[in-house]
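# after the sequence you'll find the predicted model.
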Amino acid sequence: MRIHAIIVAAGSGIRAGGDVPKQYQHVAGQPLLRHAVLGLLNHAAIDGVTVVMNPACRALYDDAVAGLALPEPVAGGATRQASVLAGLEALAGDPPDVVLVHDAARAFVPAAVIDALVAAFDDGGVDGACPALPQVDSLRRGTDGRFSGSVDRDGLWRVQTPQAFRFAALLAAHRAAGPGATDEVAIALAAGLRVAITPGDERAFKVTEPADFAKADAMTTYSSRAASGYDVHRFGPSDGSCDHVWLCGVQVPHDAGLIGHSDADAGLHALTDALLGTIAAGDIGDHFPPSDERWRGAASDQFLAHAAHLVRERGGIIDHVDVTLICERPKIGPHREAMRARMAMILGISVERVSVKATTTEKLGFTGRQEGLAAHAMASVRLPE
């Protein structure tokens, strides 16, 4: 049985607040849409995922699904119903046996929910299946701020997505449906299709209000990672050809510069390696090889920004970074706060999560002889499981 999933992500999500539609807002370091896509794309029973989106949000969409194996997205319509039909029509040329229709706002559907949907088709007695939870709270009618009656909750269900249907049956039902349907179950029942109830899950809730983002983030399990980085650069001649060094993104006056392929900022280099270490992504030389002339004299802030981007691409949160500069000269103290502020800006975190320290080797070794300086860095991040 060939199964394809359609994710509807063309809405504006006004009630959720924010500067962008809710499907592009972040939970656990990643856009809500990416969570929804991965939940289906990584399920063994699902052969592919198509997203229906608003073409005006193409840049947001591309960023949200970067690196994922998805076909070209489908342009959505003015309503959810129109968007689903557009997605179905896009698949009609090479139709799957079963299609799952899912809302991007339900981004954390457990695999067991999908397992139950797929299993519902085993006996051939249904045209579709929908996960649902029994209504357990008491229901009351009310008008003008006062209760006016009761509603019997027996036989009432809270429906969720994804909703699964035999493709040909759902496409025909959608083509024949009138306007105003809120989901595929409504369209299917109007067409006389048989829809089974399968177990839902509270984790498949729909992100609707601003508070729902905090709820979704609280559901995410994180693992903590920490890694270190180390870098050394030697001083050039004190002949007046250079009057500064770059340290932690700040230009520091000194009578000799540091020698390196880029700007030789040992502090940023060490911290870049530390961040790359938290996600086991190699070292700075793998990403910016000194043999590549593009990086000759390059500002090292772009190296650190790249490492931070890779961490966030994994859904990571940078908790804290710490850099220790090891040198006799120049003096670090007068520039410490500027260094902290600069690194915080590059990383996109608060300055309270950035530490800069300095020490000497009591005139021992190459730093004690003022032949060069060294930097040691530590970084701690949280990655979603």
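All right, it came through fine.

# quick one: secondary structure of Ala129?
Classification of Ala129 using DSSP: H, G, I helix; E, B strand; the rest coil returns strand.

# go ahead and confirm it touches Asp123.
No. Counting by C-beta atoms under 8 Å, Ala129 does not reach Asp123; the two are 11.3 Å apart. C-betas here are computed from N, CA, C, even on glycine.

# those two: which is more packed in?
Ranked by neighbour count (other C-beta atoms under 10 Å), Ala129 and Asp123 place Ala129 first, with 24 against 8.

# once you drop chain neighbours, what's closest to the more buried one?
Nearest in space to Ala129, with sequence neighbours left out and distances taken as C-beta to C-beta, 6 or more residues apart in numbering, is Ala120 at 3.7 Å.

# residues in contact with the one you found?
Val126, Ala129, Ala164, Ala196, Thr198 (C-beta atoms under 8 Å, 6 or more residues apart in numbering).

# from Val98, how far out is the third one?
Right, Ala164. The gap separating Ala164 from Val98 is 6 Å, by C-beta to C-beta, to the nearest Å.

# also Pro199?
Counting by C-beta to C-beta, the separation of Pro199 from Val98 is 18 Å.

# mind listing what's buried along stretch 87-105?
Residues of stretch 87-105 classed as buried: 87-88, 90-91, 96, 98-105 (neighbour count, 16 or more other C-beta atoms under 10 Å).

# also stretch 280-290?
For stretch 280-290, using 16+ other C-beta under 10 Å, the buried residues are Ala281, Ile284, Phe288.

# go on, stretch 322-336?
Under 16+ other C-beta under 10 Å, the buried positions of stretch 322-336 are Asp322, Val323, Thr324, Leu325, Ile326, Cys327, Pro330, Ile332, His335, Arg336.

# what's downstream of the helix or strand containing the fourth one, the next helix or strand?
Element membership for Leu325, per DSSP states H and E: strand 317-326. Note on strand 317-326: by DSSP H and E, the next helix or strand toward the C-terminus is helix 336-347.

# quick one, that next one and strand 317-326 angle?
Calculated by axes from the mean of the first three to the mean of the last three C-alpha atoms, to 10 degrees, helix 336-347 forms an angle of 140 degrees with strand 317-326.

# tell me the average confidence for helix 336-347?
When pLDDT is averaged along helix 336-347, the result is 96.

# continuing past that helix, what's the next helix or strand?
Assigned by DSSP H and E, the successor of helix 336-347 is strand 354-359.

# list the pairing partners of that following strand within its sheet, with orientation.
With DSSP bridges as the test, strand 354-359 is paired with strand 317-326 (parallel).

# who touches the strand it pairs with?
By C-beta under 8 Å, 6+ apart, the list of residues contacting strand 317-326 reads 29, 222, 224, 247-248, 266-267, 270-271, 274-275, 308, 311, 332, 339, 343, 347, 349, 353-361, 367, 373-382.

# drop anything exposed from those.
Among the contacts of strand 317-326, those classed as buried by 16+ other C-beta under 10 Å are 29, 222, 247-248, 266-267, 270-271, 274-275, 308, 311, 332, 339, 343, 347, 349, 353-356, 358, 367, 373-382.

# identify the residues contacting Phe205.
For Phe205, the contact set (C-beta under 8 Å, 6+ apart) comprises Arg106, Phe108, Gln160, Asp212, Lys215.

# so Arg141 sits against Gly149, correct?
Yes. Counting by C-beta under 8 Å, Arg141 does reach Gly149; the two are 4.3 Å apart.

# shared neighbours of Ala164 and Val98, which are they?
Residues touching both Ala164 and Val98 (C-beta under 8 Å, 6+ apart): Ile3, Val118, Phe121.

# what is the nearest of these to Asp154?
Each of the shared contacts of Ala164 and Val98 was checked against Asp154 using C-beta to C-beta; the closest is Phe121, at 27.8 Å.

# correct me, but that closest one touches Ala164?
Yes. The pair Phe121 / Ala164 is scored as a contact, 7.4 Å apart, by C-beta under 8 Å.

# intersection of neighbour lists for those two?
Going by C-beta under 8 Å, 6+ apart, residues that sit against Phe121 and also against Ala164 are Val98, Ala129.

# buried sites along the least confident helix or strand in the chain by mean pLDDT?
Here the helix or strand of the chain ranked lowest by mean pLDDT, DSSP states H and E is helix 210-219, holding a mean of 82. Under the neighbour-count criterion of 16+ other C-beta under 10 Å, helix 210-219 has Asp212, Phe213, Ala216 buried.

# kindly report the same for stretch 46-65.
Buried residues in stretch 46-65 (16+ other C-beta under 10 Å): 46, 48-54, 57, 60-61, 64-65.

# quick check: mean pLDDT of it?
Across stretch 46-65, the average pLDDT comes to 95.

# what comes into contact with it?
Contacts for stretch 46-65 (C-beta under 8 Å, 6+ apart): 2-12, 20-21, 23-24, 30-31, 33-34, 37, 40-41, 70-71, 73-76, 83-84, 86-87, 90-91, 96, 100, 104, 114.

# which of the residues you listed fall within helices?
If you go by DSSP state H, these have Leu33, Arg34, Val37, Leu40, Leu41, Ser83, Val84, Ala86, Gly87, Ala90, Leu91, Ile114 in helices.

# surely the fifth one is in contact with Leu68?
Yes. Counting by C-beta under 8 Å, Leu41 does reach Leu68; the two are 6.6 Å apart.
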